[in-house]
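Trainee: sequence first, then the predicted structure, then my questions.
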Amino acid sequence: MVNLFSKSLFFLGLLLASFIIFFDLLTKDQVFYLLHDFRGSNYATKPQIKLTDFFSLVYVANNGISFGMFNKAQNARELFSFLQGSIATVLIIWLWRVKSKQLAVALGLIIGGAFGNVIDRIQNGGVTDFLDFHIASYHWPAFNLADSAIFIGVAIVLFDEFIIKKK
């Protein structure tokens, strides 16, 4: 017998994933056009809009995976799209079976982030990163909304598994 509560959690997760995908692709497109229309002093070398002393909008095309690893790999677009899509599909199956709201939210964030990056990779040959946090000349690798959603989702899963379930 299908548990109505668990199926509503499934649809909650899918709804959240859909929002993440939509807003991730929207922000990537908007920042791309904003940066390419911006004529700041660094435009010729690296499009950038400095918003604060520690935060800028930049354009980074990441053909590899996290932190630019495997940027020069052969067939990276196809390989990483397949891997990310496969992992997200397994997470959808997991989402179908969840019994807690926080886990449904976490998986929705991860699935949305993964598919947002897959769609970006398929459309553009790589993942568009644009959030640049830095202290002086030391920069954290640029990232995007999908990356943030994945990170937050994984943090919630870990918190749920190691803190909540321990109690």
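Mentor: Structure received.
Trainee: which of the helices or strands spans residue 96?
Mentor: Assessed by DSSP states H and E, residue 96 sits inside helix 76-97.
Trainee: no, scratch that, I was asking about residue 106
Mentor: helix 101-124.
Trainee: which helices and strands does that helix pack with?
Mentor: Here helix 101-124 touches helix 4-37, helix 76-97, strand 127-135, helix 145-159, going by 3 or more Cβ pairs under 8 Å, 6 or more residues apart in numbering; DSSP states H and E. C-beta coordinates here come from the backbone N, C-alpha and C atoms, glycine included.
Trainee: distance from the very next helix or strand once past the third one to the middle of the chain?
Mentor: What it means is strand 127-135. Per DSSP H and E, the first helix or strand lying C-terminal to strand 127-135 is strand 138-139. Distance of strand 138-139 from the chain centroid (Cα atoms, centre = their mean, to the nearest Å) equals 21 Å.
Trainee: and what of stretch 130-139?
Mentor: Remark: stretch 130-139 is offset 18 Å from the chain centroid, using Cα atoms, centre = their mean.
Trainee: who's in contact with that stretch?
Mentor: 27-28, 31-32, 35, 48, 54-60, 140, 142-144, 148 (Cβ atoms under 8 Å, 6 or more residues apart in numbering).
Trainee: got a list of what the residue nearest in space to the middle of the chain touches?
Mentor: Closest to where the C-alpha atoms of the chain average out (Cα atoms, centre = their mean) is residue 146, at 1.7 Å. Contacts for residue 146 (Cβ under 8 Å, 6+ apart) come out as 20, 21, 24, 112, 113, 114, 116, 117, 120, 127.
Trainee: want to throw those into CSV with distance to residue 161, neighbour count and pLDDT?
Mentor: Output for the contacts of residue 146, formatted as CSV (distance: Cβ to Cβ, whole Å; neighbours: other Cβ atoms under 10 Å; pLDDT from 0 to 100):
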residue, distance to residue 161, neighbour count, pLDDT
20, 21, 26, 98
21, 25, 23, 97
24, 25, 25, 97
112, 20, 28, 96
113, 19, 27, 95
114, 19, 26, 92
116, 24, 29, 95
117, 24, 31, 92
120, 29, 24, 92
127, 27, 26, 88
